[in-house]
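Undergrad: Compute the structure for the input listed below.
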Amino acid sequence: MSEQPRSLGFRRAALHLGGLWALAFAQPLFDLLGRNAQFFVARGSTTGDILGLALGYALLPPLAGAAVVWALGRIRPVAGWAAQLVLVAGLVAALVLPPVGDALGGSALALAAAAGMGAGVAALYARSDAVRTFATVISPAPLVVLVLLLVFSPVRELVWPEDGGAAVAGPARSSTPIVHIVLDELPQSTLADAGGRIDAELFPNFARLAREATWYRNATTVDDLTTEAVPAQLTGEQPQRGSLPTAAEHPRNLFTLFARSHDLTVVEPITELCPERLCAKTRPGTLDRFRALESDLRVVVQHLLLPEDLRGGLPAIDRVWEGFEGGATAAGELRGGSNLKLDVLARLAGDDAIAGFKRAMAALDRPRSRPPLLFLHSTLPHGAWRFLPDGRQYSMHRSHFPGLESAGWTGPQWLVDQGFQRHVLQVQYTDRLVGALLDKLRANDLYENAVVVVSADHGVAFRSGQPRRPANRENAQDIAGVPLFVKLPGQRVGAVDDRAVRTIDVLPTIAAAAEARVPWRTAGIPAGRRRVDPGARIEVTHAGAPALSTRLDAIVRARREREAVEAELLRHGVYGIGPAPQLIGRRLEPSGRLVSGGPRATIDVPEDYRSVDGESGLVPAYVSGELNGLPANAVVAVAVNGRVRATTRTYRDRSRIVYAAVVPPASLRDGANSVTVLEVLPGDRLRPIGAAP
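TA: Residues are numbered from 1 along each chain as shown. I've put the predicted structure just below:
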């Protein structure tokens with residue numbers, strides 16, 4: 001041991017704090033981002049953004065801390081030294097908190113233990129030359145973690161990209177309009193009824209397309225992630241592990257193939273396969289982009305550092321690519337743009353999904369000398385589910401995904417079914433948007449001679465005890481089976497085709513329909529050349545790595561079983577999904593009053609129902625709240641303006657008993673509305689337990 005130093009210079013303070021900061025904060029974050037470089041692609045981050053983030057995050061906090069130590073030391077040396085010890089203690093506590101939290105099973109003891117360890121190390125730092133020497137030894141850590149991220153991880157491809165999108169020997173001219181729509185996270189089973197047909201009542205535009213196109217109802221995806229599944233459709237090539245969804249990594253694709261012969265309109269909110277020379281990209285301002293990154297990364301850091309019990313209320317970072325913010329947003333509250341490389345908050349508001357279809361339809365009105373090639377990857381119907389069939393949104397004041405944790409669906413199946421209900425409502429809106437785009441093609445006399453492909457990148461599972469994704473043997477039919485419609489030029493009569501088509505067949509199918517030769521070897525082939533092969537082996541990867549291998553007939557058989565389950569859920573309509581559909585429409589007794597001493601229910605944000613504006617784009621159709629006096633799994637009903645409109649069950653959300661239900665927007669009138677929560681008693685008797693206003 002040695003005597004405690006009386007002061008510490010700026011440089012030494014910065015070196016010591018920098019090493020500890022890098023180990024506690026920068027390394028865990030950079031390791032995660034290095035393994036998930038798609039994070040930056042989906043956000044449209046520039047080279048400058050990535051370098052600014054990396055350098056700023058690794059260097060600025062310890063430099064700021066050292067500046068505080070230096071400034072206080074100039075005033076009074078002991079104050080500067082005390083500040084250094086406090087910062088050392090805090091950084092050490094942050095470094096040890098994750099393993100301590102795991103070892104002690106939560107935050108109750110972990111926070112105190114980590115704080116104690118931080119204080120102990122700070123005391124040793126104050127008294128021991130050896131400890132301070134060790135702090136000097138680890139001071140190069142910020143540079144090490146920067147090099148690992150920017151040079152030795154896949155992020156290097158974004159920081160120093162190679163030239164991508166080189167010219168491909170595609171056709172010089174063509175007379176065939178090309179329309180390729182990729183929907184996000186839509187399983188085949190959602191669209192089908194119990195008989196295996198497209199449900200025309202729920203999805204009239206998909207049903208109309210099926211009557212005019214070839215519906216490959218046994219089509220399957222090749223990967224369960226958007227960043228691999230979309231490039232597979234655009235290139236005809238199998239996903240490769242570690243490959244980024246960029247033009248540099250996929251220079252041979254739909255856009256470079258038809259660049260000379262077609263007028264391109266490309267909407268790519270998640271991938272960047274259209275090279276800049278063909279698809280000029282404008283981006284939101286630098287400040288907006290950094291603000292979006294900061295909001296996401298703040299949540300990521302909390303996931304990395306906090307014990308498990310303190311991560312419970314955080315948005316999941318492995319569930320959606322849109323971003324990690326989980327708060328409800330009002331329609332029109334957040335900014336958007338026409339280039340679809342929006343900040344994360346705008347994507348969560350849904351602006352990209354709507355703007356993408358609007359941009360695509362506007363492009364069809366543009367005068368041109370060449371036929372159009374329109375590619376639209378819509379982020380619908382991917383969660384977070386927030387749209388009603390007419391395009392209005394509903395607010396959510398609690399978790400966006402009740403019953404869903406990072407490990408998958410952990411709640412009871414009825415709660416998973418409620419997620420499916422909201423998914424169906426969003427698919428109905430997607431159906432409406434697809435129909436509007438097809439109508440625009442007809443109005444501009446393009447539909448007849450066009451090759452039109454409507455597909456999905458992958459599906460989604462709604463099974464308790466199973467992951468929403470990735471694919472496995474238990475959810476293969478939900479993830480692997482995707483809708484695929486192909487309308488060929490001149491085709492007027494639809495057909496149902498059971499060939500073993502894969503999504504890598506999309507590009508070869510489009511090329512064959514446009515009478516173009518693909519000048520590279522593709523793994524896919526034109527859909528019409530696939531065989532009807534029930535025993536075909538279906539391989540699905542996860543980020544290019546093997547995830548699932550099974551037979552097509554096993555997928556089809558399980559999919560049909562799922563279609564029957566979904567048809568039963570929907571037997572009373574989308575809003576009838578719940579434990580007591582027979583109560584829907586029942587009028588409440590005028591004398592019904594809350595019983596003193598009985599259970600009590602609250603209604604989240606009751607003022608929303610005092611002044612409903614049906615023209616605002618946002619309606620409070622998602623009714624939620626807390627309950628006292630009822631156990632989990634109790635049946636409750638929600639009445640709007642004197643009639644029961646939904647039934648649901650209570651469930652446990654950490655320490656609280658809560659409920660949530662979606663009511664038909666038509667049940668809400670402009671102005672004031674009354675909402676009543678009722679306990680469902682034996683014999684279908686109803687007891688009011690909460691009301692608003």
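
Undergrad: Just the buried positions in stretch 361-373, please.
TA: Residues Met361, Ala363, Leu364, Pro371, Pro372, Leu373 are the ones in stretch 361-373 that count as buried (16 or more other C-beta atoms under 10 Å). To be clear about C-beta, it is placed using only N, CA and C from the backbone, and glycine gets the same treatment.

Undergrad: Please apply the same query to stretch 210-221.
TA: Across stretch 210-221, burial judged by 16+ other C-beta under 10 Å covers Ala210, Glu212, Ala213, Thr214, Trp215, Tyr216, Arg217, Asn218, Ala219, Thr220, Thr221.

Undergrad: Now, those that are in helices?
TA: Counting by DSSP state H, the buried residues of stretch 210-221 place Ala210, Glu212 in helices.

Undergrad: Nearest to Arg156 among the buried residues of stretch 210-221?
TA: Arg156 lies nearest to Thr221 out of these, by C-beta to C-beta, at 28.6 Å.

Undergrad: For the closest one, what are phi and psi?
TA: phi -80, psi 160 (degrees, to the nearest 10).

Undergrad: same question, the one 3 residues further on
TA: Summarising the backbone geometry of Asp224 under the convention degrees, to the nearest 10, its torsions are phi -100, psi 10.

Undergrad: Kindly report the same for the one 10 residues further on.
TA: Its backbone dihedrals place Leu234 at phi -80, psi -20, with angles given as degrees, to the nearest 10.

Undergrad: which non-adjacent residue is nearest Glu539?
TA: Sequence neighbours aside, Ser549 is the residue nearest to Glu539 in space, at 5.2 Å (criterion: C-beta to C-beta, 6 or more residues apart in numbering).

Undergrad: show me the contacts for the one you found.
TA: Contact partners of Ser549, counting by C-beta atoms under 8 Å, 6 or more residues apart in numbering, are Arg537, Ile538, Glu539, Val540.

Undergrad: Thr214 too?
TA: With C-beta under 8 Å, 6+ apart, Thr214 has these contacts: Phe485, Val486, Lys487, Leu488, Gln491, Gly494, Ala495, Val496, Asp497, Ala527.

Undergrad: So which of the residues you listed are in strands?
TA: Judged by DSSP state E, the contacts of Thr214 include Phe485, Val486, Lys487, Ala495, Val496, Asp497 as members of strands.

Undergrad: Show me what the first one is bridged to.
TA: Beta-bridge partners of Phe485, counted by DSSP bridges, are Trp215, Val454.

Undergrad: Quick one, grab the pLDDT at it.
TA: Note on Phe485: pLDDT of 98.

Undergrad: what's the burial count for it?
TA: By other C-beta atoms under 10 Å, 23 other residues sit near Phe485.

Undergrad: Kindly report the same for the fifth one.
TA: Here the count is done by other C-beta under 10 Å, and Val496 has 13 residues near it.

Undergrad: how close does it get to Cys279?
TA: Val496 is 35 Å from Cys279, where distance means C-beta to C-beta, to the nearest Å.

Undergrad: if we can go back for a sec, what about the residue nearest to Glu539, is that helix, strand or coil?
TA: strand (DSSP: H, G, I helix; E, B strand; the rest coil).

Undergrad: How about Ile181?
TA: Classification of Ile181 using three-state DSSP returns strand.

Undergrad: Next up, the contacts around it.
TA: By C-beta under 8 Å, 6+ apart, the contact set of Ile181 is Leu376, Ser378, Val434, Leu437, Val452, Val453, Val454, Ser455.

Undergrad: circling back: any chance of the contacts of Thr214 in TSV with distance to Ser596 as columns?
TA: Shown next, in TSV, are the contacts of Thr214 (distance: C-beta to C-beta, whole Å):
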residue	distance to Ser596
Phe485	59
Val486	64
Lys487	64
Leu488	69
Gln491	68
Gly494	62
Ala495	65
Val496	61
Asp497	64
Ala527	67
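
Undergrad: before we move on, back to that, I'd like the contacts of Ile181 as TSV, with pLDDT, neighbour count and distance to Ile198 appended.
TA: Listed next are the contacts of Ile181 as TSV, based on pLDDT from 0 to 100; neighbours: other C-beta atoms under 10 Å; distance: C-beta to C-beta, whole Å:
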residue	pLDDT	neighbour count	distance to Ile198
Leu376	96	25	20
Ser378	94	25	18
Val434	98	23	12
Leu437	97	22	17
Val452	98	26	16
Val453	98	24	16
Val454	98	25	12
Ser455	98	24	15
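
Undergrad: would you turn those residues into JSON lines with distance to Ala42?
TA: Formatted as JSON lines, the contacts of Ile181 follow (distance: C-beta to C-beta, whole Å):
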{"residue": "Leu376", "distance to Ala42": "16"}
{"residue": "Ser378", "distance to Ala42": "14"}
{"residue": "Val434", "distance to Ala42": "23"}
{"residue": "Leu437", "distance to Ala42": "23"}
{"residue": "Val452", "distance to Ala42": "26"}
{"residue": "Val453", "distance to Ala42": "23"}
{"residue": "Val454", "distance to Ala42": "22"}
{"residue": "Ser455", "distance to Ala42": "20"}
